[in-house]
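> need a structure here:
(2 chains)
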Protein chains: 2
Amino acid sequence: MSRVALKVAYDGSAFAGFQRQAEGGCRTVQGVLEEVLVRLCGRAPSALGLRAAGRTDAGVHASAQVVAFDTDRAWDASRWRRSLNGMLPDDVVVAAVAFPPDDFDPRRMAISRAYAYRWLIADAPDPRRRHATWHVPGPMDRHALGRAWSGLVGHHDFTAFCSTGSNLRSPWVTVHRANVEFLGDEVILRIQAVSFLYHMVRRLVGSVRHVAAGRSPVEDYLALLDRDRKGLPPPVTAPPQGLCLDSVVYPRGLVSWESPPTSPRGPIDAGT
Amino acid sequence: MSRVALKVAYDGSAFAGFQRQAEGGCRTVQGVLEEVLVRLCGRAPSALGLRAAGRTDAGVHASAQVVAFDTDRAWDASRWRRSLNGMLPDDVVVAAVAFPPDDFDPRRMAISRAYAYRWLIADAPDPRRRHATWHVPGPMDRHALGRAWSGLVGHHDFTAFCSTGSNLRSPWVTVHRANVEFLGDEVILRIQAVSFLYHMVRRLVGSVRHVAAGRSPVEDYLALLDRDRKGLPPPVTAPPQGLCLDSVVYPRGLVSWESPPTSPRGPIDAGT
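Numbers count the residues shown, from 1 in each chain, chains lettered A, B, ... in the order given. Predicted coordinates:
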């Protein structure tokens, strides 16, 4: 018996979130993964012990969710990847496989997680990106947006940005990085932290939209980190489809991902 | 009775192409537009006389298809847009409205069309972009790709790149522009011409992939424009989901598009 880790990408549009739900009938990423693993490994779902780095809500995507499970199949990374991708539906893809230590816990051992939230800045909505962006029409103060978002870096009390009563853990979170990228007609709000409170990213995004639209000063947005509401409109939760779990980071050396072999001609020359 | 033109964006994934088909049962963009217009205008589909600038195949997208129809509703652009978008399914959006002359023909009066074809350059496929890109793994010779693609500009015989027996018109096409853009992990192949032969863009893209992968020299690719097949592999038709009709150009002054009003604070500051 040994532990296998998967780096999984999915289009969250047709899922009721990552986590399997007590009542059946809801399609979840965990449910789909377990169904395929049960067929491949011949074990009951409970014996797999599938765990994930983070739970994503309905409609939220992942380009690199991390899950781990136990199996006695001694396959190499390439065979796991091919077998799983051959059976998974086309909205879930295993991008890489690793063989971490047997006590690897993808959630508790993660040292940080990074999310990206995409806005589509255009007069008209784009039907092709309706499942991947939040359509934000109107003028935009890029400078104020950048100042407000990057001001999130540090150790702060995010009470004002989390759903009330959603969990009992501390509202203090350390944000390592927060930056805004302008890519064509999209604005990508990136944020990396050890962990996130429930709905925290979507509320941060919903509120910073007021700043980007010039309706709230940057200072009032950042004052929320001191739980000072001032005259700011109540936090809006941005819709799920703009959000994507982009990476989960582990201590160096803990997980060695094996990606598909690249051609003998050398690495791909992409990304400027 | 007057003619109304619409600039229409759609996600082609769930459509059997643009054109309404003789047998029912196929969901088409034209069918969906006509159904809504019939309800709004109280006219039979034949009385609308709906015409489009170009027919897109099943799975092919549009960010700016142009259609025109006749109506006696004297609505302004904003009311047309709101009424149509309120009734259309969420994979079709009317982005702009115009009131062209009554003899406006969106197909015959177009002076050029521009298409974009997207490759995803990555080891693993991305489930979030499976309906919008062609996954092209492996190494890539950017320089050769750029030379081959931009070599398409000019007046050429595209016989080698069109489906045989598909139409009787001349195989000579004037390509105004052809350029390659590298945007993150995507390669965007753009091409603009007066008109295109059936499957021409998808065949050009399918064949240039051999060049990008280093399997064919640029010279052999461009020799196809002289109908010289040399040792080149037979043209492959690239899959439809990477293709998008990006714009249709009309003589200056013929069509004045009215987009959604921007906020009084001025134009959107997007796109670097």
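> from here on, just use CA atoms for contacts and neighbour counts.
Noted.
> hmm, who's touching the helix-or-strand element of chain A with minimal mean pLDDT?
Of all the helices and strands that make up chain A, helix A:45-48 has the lowest average by mean pLDDT, DSSP states H and E, namely a mean of 87. With contacts defined as CA atoms under 8 Å, 6 or more residues apart in numbering or on different chains, helix A:45-48 is touched by A:Glu34, A:Glu35, A:Leu37, A:Val38, A:Phe69, A:Asp70, A:Thr71.
> those in helices, which ones?
Those of those mapping onto helices are A:Glu34, A:Glu35, A:Leu37, A:Val38, per DSSP state H.
> what's near enough to touch the first one?
For A:Glu34, the set of contacting residues under the criterion of CA under 8 Å, 6+ apart consists of A:Pro45, A:Leu48, A:Leu50.
> run the contact check for stretch A:178-189 versus chain B.
Yes - under the criterion of CA under 8 Å from any CA of the partner chain, chain B is reached by stretch A:178-189 at A:Phe182, A:Leu183, A:Gly184, A:Asp185, A:Glu186.
> what residues does that stretch touch?
Among residues not part of stretch A:178-189, those counted as contacts by CA under 8 Å, 6+ apart are A:116-122, A:145-146, A:149-153, A:190-192, A:205, B:270-272.
> of those, which belong to helices?
Counted as lying in helices by DSSP H, out of the contacts of stretch A:178-189, are A:Leu145, A:Gly146, A:Trp149, A:Ser150, A:Val205.
> burial measure for A:Arg108, as a count.
A:Arg108 sits with 12 neighbouring residues when counted by other CA atoms under 10 Å in any protein chain shown.
> quick check: closest non-adjacent residue to it.
For A:Arg108, ignoring the flanking residues on the chain, the nearest one in space by CA to CA, 6 or more residues apart in numbering or on different chains is A:Ala53 at 7.6 Å.
> pLDDT score for the one you found?
The per-residue pLDDT reported for A:Ala53 equals 97.
> wait, it sits on A:Val248?
Yes - because the distance of 7.2 Å satisfies CA atoms under 8 Å, A:Ala53 is recorded as touching A:Val248.
> distance check, the residue positioned nearest the centre of chain A against B:Pro127.
The centre of chain A sits closest to A:Leu245, judged by CA atoms, centre = their mean, with a distance of 1.5 Å. Distance from A:Leu245 to B:Pro127, counting by CA to CA, to the nearest Å: 14 Å.
> again with A:Thr237
The gap separating A:Thr237 from B:Pro127 is 25 Å, by CA to CA.
> between these two, which one's more packed in?
Comparing A:Thr237 with B:Pro127 by neighbour count (other CA under 10 Å), the higher total belongs to B:Pro127, at 22 against 18.
> what segments of the stretch 101-250 of chain A are helices?
Taking DSSP state H, counting those that start in this stretch as the test, the helices found in the stretch 101-250 of chain A are A:142-150, A:200-212, A:218-223.
> among the ones you listed, which is nearest A:Glu258?
Among the helices of the stretch 101-250 of chain A, helix A:200-212 comes nearest to A:Glu258, with 29.8 Å by CA to CA.
> how big is the angle separating the closest one from helix A:142-150?
Direction vectors for helix A:200-212 and helix A:142-150, defined by axes from the mean of the first three to the mean of the last three CA atoms, to 10 degrees, enclose an angle of 150 degrees.
> helix A:200-212 - what's its average pLDDT?
This predicted structure assigns helix A:200-212 an average pLDDT of 95.
> repeat for stretch A:224-239
Stretch A:224-239 shows a mean pLDDT of 77.
> same question, stretch A:25-36
Here stretch A:25-36 scores 95 as its mean pLDDT.
> what of stretch A:104-111?
On average, stretch A:104-111 scores 97.
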